[in-house]
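J.: take a look and give me a structure for this.
(2 chains)
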Amino acid sequence: MNLLLDLFITFFKIGLFTFGGGYAMIALIENTCVEKKHWITHEDMMNITVIAESTPGPIAINCSTFVGFRQKGFPGAAAATLGVTLPSFCIIFLISMYLDHFLEIAWIAHAFWGIKCAVAILILDAALKMISKMSQNALSRLLTAGSFAVMLLIDIFSLHISTVALMLTAAIVSLSVFAMKKRMENGGNKT
Amino acid sequence: MIYLQLFLGFLKVGLFSFGGAYGAIPLIRDVVISYGWLNDEMLSYMIAVSESTPGPIMVNLATYAGSSQAGLPGALTATFTVILPSFLIILLIMALLETALRNPWIQAVLQGLKPCITGIILATGVYMILQNCTADTEHAALNIQAAVLTLLLAVLYFGAKKVLKNGLSPILLILLSAAAGILIYGI
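T.: Model (predicted):
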């Protein structure tokens, strides 16, 4: 199949089935683009997740642009991003035109209650996969456990702390450890 | 002119919405209310609609606000604008990425960010399960239907990984969960 068309259709499907924010999409992209199509590696996926979280905009757009560009440059990025955006654009446009009482439609609400349970499992799956493939050193484990605990507290008590603050802290900790190691190495060399 | 306003308003949203969709909601609220595109009530309703329809919340809200103000051209303008900044930023980053990844200091930053984001995603998943299994109940602390459904889906999904070579695709899991939801809550 034409690669551009393949990118468009693949990301159209991903866009159509991404509910509940970008994290669930990570499981979908991992499943399609890493495991089935081999467009990117797990390491790429990890990098793009970090980049997506550190740059503005929806994760969906960041990921589709990244994968599309890897495969076929600018046209690829455009095809994938168009694909991932089109389903939600069409659905919301139709709702805004014709459906004033979308949330009151019983079977849609019921389906969504079911989907919410699946989305939570997909997010858990994405996280577990990331943990299993992460470099297993003390610092990584500490940062994972620490940010897990803080994030859970933020969620439970609805604290007004942005994930950006959490990420900045982790970056500073990691940089300091790196700087200290480098200094110790340099010091070792001198003596 | 409404198209220019939509362009400027959603450019701001696309450019400054760090920290995921929920982090961006205050900024979106600020923009759509100050331009008078949606009122608070309508915005809350549309956030709920966005949550039950696929796709990024930011894109959903842009499409809706644009469509309500200026029909299809408005929806196209707002949606195009809200995704433009992240599209361009990723292209820019990718041009520099290979060089940047060889820098040990950037590697050190990434070594900190990766576990942090992993922890954030894990917490989001765990909290979502807790929320699903406790919300919307008037009589009991536990939403039994949601708890049972979550357990069933989890056994099915993680079990399929052990038994089948490719496991169960996330898309299939979502289709199954939607059908199960209609079945369980409908009767």
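J.: which elements pack onto the helix or strand bottoming out on mean pLDDT in chain B?
T.: Lowest on mean pLDDT, DSSP states H and E among the helices and strands of chain B sits helix B:20-34, with a mean of 79. Packing partners of helix B:20-34 (3 or more C-beta pairs under 8 Å, 6 or more residues apart in numbering or on different chains; DSSP states H and E): helix A:163-190, helix B:2-16, helix B:40-51, helix B:57-101. For the C-beta atoms, the positions are set from N, CA and C on the backbone; glycine is no exception.
J.: and the shortest one, what's buried?
T.: Spelled out, that is helix B:40-51. B:43, B:45, B:46, B:47, B:49, B:50, B:51 (16 or more other C-beta atoms under 10 Å in any protein chain shown).
J.: how about the helices and strands packed on helix B:20-34 in JSON lines, adding mean pLDDT?
T.: Converted to JSON lines, the helices and strands packed on helix B:20-34 look like this (pLDDT from 0 to 100):
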{"stretch": "helix A:163-190", "mean pLDDT": "85"}
{"stretch": "helix B:2-16", "mean pLDDT": "90"}
{"stretch": "helix B:40-51", "mean pLDDT": "84"}
{"stretch": "helix B:57-101", "mean pLDDT": "90"}
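J.: so which of the buried residues of helix B:40-51 are also by chain A?
T.: B:45, B:49, B:50, B:51 (C-beta under 8 Å from any C-beta of the partner chain).
J.: closest one of the residues you listed to residue B:59?
T.: Comparing those against residue B:59 with C-beta to C-beta picks out residue B:50 as the nearest, at 8.6 Å.
J.: quick one: the closest one and residue B:57 touch, right?
T.: Yes: between residue B:50 and residue B:57 there is a contact at 4.5 Å, judged by C-beta atoms under 8 Å.
J.: can you check what angle separates the least confident helix or strand of chain B from helix A:163-190?
T.: In terms of direction (axes from the mean of the first three to the mean of the last three C-alpha atoms, to 10 degrees), helix B:20-34 departs from helix A:163-190 by 130 degrees.
J.: quick one on the thing from earlier: can I get the helices and strands packed on helix B:20-34 in a markdown table including distance to residue A:20?
T.: What follows is those, written out as a markdown table (distance: least, C-beta to C-beta, whole Å):
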| stretch | distance to residue A:20 |
| --- | --- |
| helix A:163-190 | 16 |
| helix B:2-16 | 20 |
| helix B:40-51 | 7 |
| helix B:57-101 | 9 |
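J.: deepest in the core, which of these is it.
T.: Each of the helices and strands packed on helix B:20-34 was scored by mean neighbour count; the highest is helix B:57-101, a mean of 21, by mean count of other C-beta atoms under 10 Å in any protein chain shown.
J.: show me what it is packed against.
T.: helix A:42-54, helix A:59-98, helix B:2-16, helix B:20-34, helix B:40-51, helix B:104-134.
J.: indicate which one of those is closest to residue B:157.
T.: helix B:104-134 (12.5 Å).
J.: returning to that earlier point: between the helices and strands packed on helix B:57-101, which gets nearest to residue A:22?
T.: helix A:59-98 (2.8 Å).
J.: so which of the helices and strands packed on helix B:20-34 gets nearest residue A:129?
T.: Using C-beta to C-beta, the helices and strands packed on helix B:20-34 put helix A:163-190 closest to residue A:129, at 19.5 Å.
J.: between the closest one and helix B:104-134, how big is the angle?
T.: 140 degrees.
J.: against which helices or strands is helix A:163-190 packed?
T.: Against helix A:163-190 (3+ C-beta pairs under 8 Å, 6+ apart) you get helix A:42-54, helix A:138-156, helix B:20-34, helix B:104-134.
J.: show me which residues of the longest one are buried.
T.: Of all the residues in helix B:104-134, those buried under the rule 16+ other C-beta under 10 Å are B:108-129, B:131-133.
J.: also the second one?
T.: Residues of helix A:138-156 classed as buried by neighbour count (16+ other C-beta under 10 Å): A:139, A:140, A:143, A:144, A:146, A:147, A:148, A:150, A:151, A:152, A:154, A:155.
J.: so the fifth one sits right up against residue B:119, yeah?
T.: Yes: under the criterion of C-beta under 8 Å, residue A:146 makes contact with residue B:119 at 6.8 Å.
J.: for the spatially most central residue of chain B, phi and psi?
T.: With distances taken as C-alpha atoms, centre = their mean, the residue of chain B nearest its centroid is residue B:56 (4.5 Å). With angles defined as degrees, to the nearest 10, residue B:56 sits at phi -60, psi 140.
J.: if anything else comes up later, I'll come back, but that's it for now.
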